[in-house]
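Enquirer: got a predicted model here, sequence first, then my questions.
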Amino acid sequence: MSDKYFVYINKKYYGPLFQEDITKLLDDKKISISTYIYDVNLKYVFMLGEHKNFNNLLPEKPHDNFLKQSYILIKDCVLKKIYTHAQLHDAISLNQISIYEYVYIPHKNIIKRIKDFPDLEEMFPTPPLESPTDAEGKNNIVLVKEDKELQELAPEFARRFPRAPFSAPTRIEYEGSKYIGNCSVIGEGGCFLELKNSSFKVGDILQLNIVSELIHLEIIVKGEVSSIVKDYRGGMGIKFVDLKEQDKKKILGYIDRYIDTMKI
């Protein structure tokens, strides 16, 4: 004998219905798995999702790592939409959301603007010259025509982080060895270290101690070698890894003063 059911909708029971009828109602969004049904054979009222004949329709439990590396967009103080890392990247690229939007990262329990997350840095364009370099592929400046003359974007203004000329002796430690260089350009994102005849390579992580009497600043920071220069200004482009907030503010203050003098 086929099982028969009555479906409870708006305080009335509709039926008798068979299992395939119930499934069609679900597919048509007329009922949900939280709708009550009366089982004629068992003479009992069940919530549809609790009945053994329909438990295959229950949502599958998400993996425990579902929210790892997930970003929940916040709009008007409401959690709006969950993005994976790739989806967030695509949404920004398509101008569907702004990097100034706030997102919540569940597994870290923090809220930040998208642009302030270090693990989302690859979403931002790489400057054409992050530091002086002779490495191939670094110069991605596009020449454009204006009044039949080629105009070139000045590379010193094509940076993600503004920088300013600087001069400060710098102690460098790497794998137990110590070196002395000169920090000749600095910004919140990194610096350029003049250092000749070194064996460093791109990707090396250095411990830096930059001491400047000019802005009364001593910076102890880890830096990643981002480029190598081998000409007469031999040295390395450095990307700061763990710059302290108070040091960042002092550097930005120095750069602001430098920019003000350039406008005079």
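Expert: Ah, there it is.
Enquirer: what sits against Thr170?
Expert: Residues in contact with Thr170 (Cβ atoms under 8 Å, 6 or more residues apart in numbering) are Ile180, Gly181, Asn182, Cys183, Leu193, Leu208, Asn209, Ile210, Val211. Just so you know, the C-beta spots here come from the backbone N, C-alpha and C atoms, and that holds for glycine as well.
Enquirer: the helix or strand hosting it pairs with which strands, parallel or anti?
Expert: Using DSSP states H and E, Thr170 falls within strand 163-174. Its sheet considered, strand 163-174 pairs with strand 177-187 (antiparallel), strand 205-212 (antiparallel) by DSSP bridges.
Enquirer: how far does the longest one sit from its chain's centre?
Expert: Its chain's C-alpha centre lies 29 Å from the corresponding centre of strand 177-187 when counted by Cα atoms, centre = their mean, to the nearest Å.
Enquirer: who touches it?
Expert: The contact list for strand 177-187, computed with Cβ under 8 Å, 6+ apart, reads 131-132, 159, 161-173, 191-195, 198, 210, 212, 233, 235, 251, 254-255.
Enquirer: could you export it as PDB, CA atoms only?
Expert: Taking C-alpha atoms only, strand 177-187 is exported to PDB below (Å, rounded to 0.1, in the frame of the first residue of the first chain):
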ATOM      1  CA  SER A 177      75.000  37.600   9.200                       C
ATOM      2  CA  LYS A 178      75.000  41.400   9.600                       C
ATOM      3  CA  TYR A 179      75.300  44.200   7.000                       C
ATOM      4  CA  ILE A 180      75.200  48.000   6.900                       C
ATOM      5  CA  GLY A 181      73.300  49.800   4.200                       C
ATOM      6  CA  ASN A 182      71.600  53.100   3.600                       C
ATOM      7  CA  CYS A 183      67.900  53.600   3.400                       C
ATOM      8  CA  SER A 184      67.600  56.200   0.600                       C
ATOM      9  CA  VAL A 185      63.900  56.100  -0.200                       C
ATOM     10  CA  ILE A 186      61.100  55.400   2.300                       C
ATOM     11  CA  GLY A 187      57.300  54.900   2.300                       C
END
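Enquirer: secondary structure class for Ile82?
Expert: Here Ile82 is strand, with the state taken from DSSP: H, G, I helix; E, B strand; the rest coil.
Enquirer: mind listing what it touches?
Expert: By Cβ under 8 Å, 6+ apart, the contact list for Ile82 reads Leu67, Ser70, Tyr71, Ile72, Leu73.
Enquirer: mind checking how far it is from Phe117?
Expert: 16 Å (Cβ to Cβ, to the nearest Å).
Enquirer: also Phe200?
Expert: Distance, Phe200 to Phe117, by Cβ to Cβ: 28 Å.
Enquirer: ok but Tyr254 is inside a strand, no?
Expert: No - counting by three-state DSSP, Tyr254 is not part of a strand but helix.
Enquirer: which ones are touching it?
Expert: Contacts for Tyr254 (Cβ under 8 Å, 6+ apart) come out as Ala164, Phe166, Ile186, Leu214, Ile215, Leu217.
Enquirer: relative to Tyr102, how far out is Cys77?
Expert: To Tyr102, Cys77 is 9 Å away according to Cβ to Cβ.
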